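> Starting from these lines, generate the structure:
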Amino acid sequence: MTGRRGAESGRVSLFLAVAMTGVLAIVSLAYDGAGQLRTLQRADNLAAEAARSGGQMIDRASAIEGGPKRIDQVAARAAVADYLSAAGEVGGHDVDFPVVGLETQIRVRVRITYRRDLIGLFGAQKTTTVTGEATARALTGP
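Below you'll find the predicted structure:
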């Protein structure tokens, strides 16, 4: 009996090492996947709030004279940059002003870098960049 047991020693340890590597890989995917989704949601939220703050910058001279209420592009770019610098963690942003119909809107794209904590152990890239985007327009009605 003891002779047979000696021939099988170490096999359970090898199985556990392989199985635990697989379990660790699955846990790493779940953890870093959830973290990347949270970062994507944060990028979308920051883009929406930055677009809102930029959309509030209307051309006052035109509005006071009773003309159309349109976004002051220079002031809107400055408002977006101020908001995003105060928020921090932003890797970069783009602001453009698409025209839809006769209305000029503001569109903000925000890039945030997410650092992968666990999946990087398995050879994946250590960081990834996620992008959030939002569009706002100046509402002038009652």
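
> which residue sits closest to A81 in space, ignoring its chain neighbours?
H93 (7.6 Å; Cβ to Cβ, 6 or more residues apart in numbering). C-beta coordinates here come from the backbone N, C-alpha and C atoms, glycine included.

> Can you give me the distance of that neighbour to T129?
According to Cβ to Cβ, to the nearest Å, H93 stands 12 Å off from T129.

> now G91
Relative to T129, and taking Cβ to Cβ, G91 is found at 6 Å.

> hang on, the earlier thing: work out for me the element the residue nearest to A81 sits within.
Using DSSP states H and E, H93 sits in strand 92-96.

> gap between that strand and the chain center?
Mean-position distance between strand 92-96 and its chain equals 13 Å (Cα atoms, centre = their mean, to the nearest Å).

> ok so, going back, which neighbours do H93 and T129 have in common?
Residues touching both H93 and T129 (Cβ atoms under 8 Å, 6 or more residues apart in numbering) are R111.
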